[in-house]
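Trainee: Build me a model from this:
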Amino acid sequence: MKGKTIVTNRRDCSSYLWACLVQSGHFDVSTVKYTSSSYLPGGDATEAMEEAGFTWYPSSEITAEDLQAGDVLVRNGHVEIFSHFDKETNKEYAYTWGAVYKKEPAEKFHTKYNIWNR
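Mentor: Numbers count the residues shown, from 1 in each chain. As a prediction, the model looks like this:
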């Protein structure tokens with residue numbers, strides 16, 4: 001896929017997620033830019049995520065081992081894109097707004113996130 005120029009004036013996790021969804025073809029560039037809480041069930045982004053082929057799973061129904069690269073991790077106030085789970089170290093890694101972490105994908109700790117899974 002040829003890269004797209006993505007312009008957003010917000011520099012936060014939800015804008016990063018939006019830009020990645022546009023770049024990967026899941027969202028059109030005209031799709032509204034949502035806040036992180038919009039990705040919670042019933043939030044403003046629910047319809048757009050479902051139209052893009054994502055399915056919502058509450059954290060009680062999925063484990064770190066069930067996650068797939070590209071899954072969207074959501075908790076109130078923050079969103080991330082799952083990278084991988086290292087079974088040897090039992091650690092999760094995810095991509096988020098780069099100003100938050102020094103290295104991407106960033107090591108995560110088993111925080112209870114809800115999941116948009118493709």
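Trainee: When you work out contacts or count neighbours from here on, use the C-alpha atoms and nothing else.
Mentor: Will do.
Trainee: Quick check: can you name the pairing partners of the lengthiest strand in the chain and their directions?
Mentor: In the chain, taking DSSP state E as the definition, the longest strand is strand 78-86. Paired neighbours of strand 78-86 in the sheet (DSSP bridges): strand 72-75 (antiparallel), strand 91-95 (antiparallel).
Trainee: what mean pLDDT does the first one have?
Mentor: In this model, strand 72-75 has a mean pLDDT of 88.
Trainee: Need the winner for burial among the strands paired with strand 78-86.
Mentor: Ranked by mean neighbour count under mean count of other Cα atoms under 10 Å, those are led by strand 72-75, which reaches a mean of 23.
Trainee: out of the strands paired with strand 78-86, nearest to Ala48?
Mentor: strand 72-75 (13.2 Å; Cα to Cα).
Trainee: what are the C-alpha coordinates of the closest one, in PDB please?
Mentor: Coordinates of each C-alpha in strand 72-75 appear next as PDB, following Å, rounded to 0.1, in the frame of the first residue of the first chain:
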ATOM      1  CA  VAL A  72      -6.900  -1.900  19.500                       C
ATOM      2  CA  LEU A  73      -6.500  -1.800  23.300                       C
ATOM      3  CA  VAL A  74      -8.900   0.500  25.000                       C
ATOM      4  CA  ARG A  75      -9.400   1.800  28.600                       C
END
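Trainee: still on that earlier bit, export the strands paired with strand 78-86 to a markdown table and tack on distance to Thr46?
Mentor: Shown next, in a markdown table, are those (distance: least, Cα to Cα, whole Å):
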| stretch | distance to Thr46 |
| --- | --- |
| strand 72-75 | 12 |
| strand 91-95 | 21 |
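Trainee: Tell me how many other residues crowd Thr63.
Mentor: Counted by other Cα atoms under 10 Å, the residues lying close to Thr63 total 12.
Trainee: I'd like the distance between it and Leu73.
Mentor: 12 Å (Cα to Cα, to the nearest Å).
Trainee: next one: Lys87
Mentor: From Lys87 to Leu73 the distance is 19 Å (Cα to Cα).
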